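In: sequence-free structure coming up:
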C-alpha cells in the first residue's frame, strides 16, 4: 500500500477516534482524504494535519483534589449536633405521646361520667314526671273525697313549718 495512505483502523487508533466515528464521517468530515484502494477504505496521511489529534493527558495535568480536613471536621461536628437535636426531638415526641395518651384516658373517663350523669338525670326527670302526674291526679279529685289527715296540703297547712316541695312549687306557679 502507498505510504501516503493509512487504513481507517490505524487512523482511528492514532487520532484517538473510534472506528465507528471515522466510518460515519468518511463522506462528511474526511471526504477530501478518503479513497478506496484495492477494495480497502483508506485515508490520506494529510488528514492528520486537518484534524486535531487527541493526545493522552499526562498524569501531572490531572488535578487530584486533596481532602480538606478542616471542612471534614466542621461537617462531622454539624452531623453530631444534628444527631443530638434529633435525639432531643425524639424524647420530646415521646413525652407528647405520653401526654396525649393521658388526655385520651381523661376524656374517656369524663365521657363515662357524663353518660352516668345523663342516666341519673333521665331517671330523676321520670320520677319528677310521675310525681307531677300523681299530684295532678290528686288536684283533679274533689276535696271532699280527700282525707284531711292524709292530704299533704292540709297537713302542711296545719303545720306551717312543714311545707311540702310540691306546695312550694304550686305557690310559685300561681
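Out: Noted; the coordinates are in hand. Owing to the predicted nature of the structure, the values given are computational and were not obtained by experimental measurement.
In: now do the helix or strand in which residue 100 is found: which elements does it pack against?
Out: In this structure, residue 100 sits in helix 69-140 according to DSSP states H and E. The helices and strands touching helix 69-140, judged by 3 or more CB pairs under 8 Å, 6 or more residues apart in numbering; DSSP states H and E, number zero. Quick note: C-beta positions are derived from backbone N, CA and C, even for glycine.
In: check the offset of it from the chain's centre.
Out: Distance of helix 69-140 from its chain centroid, counting by CA atoms, centre = their mean, to the nearest Å, is 23 Å.
In: tell me, how many neighbours does residue 121 end up with?
Out: Using other CB atoms under 10 Å, residue 121 is surrounded by 10 other residues.
In: contact partners for it?
Out: By CB atoms under 8 Å, 6 or more residues apart in numbering, residue 121 lies in contact with nothing.
In: quick one: pLDDT of it?
Out: The per-residue pLDDT reported for residue 121 equals 94.
In: at the geometric centre of this protein, which residue sits there?
Out: Centroid-nearest residue in the chain, with CA atoms, centre = their mean: residue 93, separated by 14.7 Å.
In: return the helix or strand in this protein with minimum mean pLDDT.
Out: helix 152-158 (a mean of 53; mean pLDDT, DSSP states H and E).
In: what is the subsequent helix or strand relative to it?
Out: Proceeding N to C from helix 152-158, the next assigned helix or strand is helix 165-173, under DSSP H and E.
In: could I get the buried residue list for that following helix?
Out: residue 166 (16 or more other CB atoms under 10 Å).
In: and it with helix 69-140, angle?
Out: Put simply, helix 165-173 runs at 90 degrees to helix 69-140, going by axes from the mean of the first three to the mean of the last three CA atoms, to 10 degrees.
In: mean confidence score for helix 165-173?
Out: Mean pLDDT, helix 165-173: 83.
In: helices or strands up against that helix?
Out: Under the contact definition 3+ CB pairs under 8 Å, 6+ apart, helix 165-173 sits against helix 152-158.
In: which residues are contacting the strand or helix carrying residue 21?
Out: Using DSSP H and E, residue 21 sits in helix 19-24. For helix 19-24, contacts defined as CB under 8 Å, 6+ apart pick out 8, 9, 11, 12, 15, 30, 41, 43.
In: among these, which are in helices?
Out: Among these, the members falling in helices (DSSP state H) are 8, 9, 11, 12, 15.
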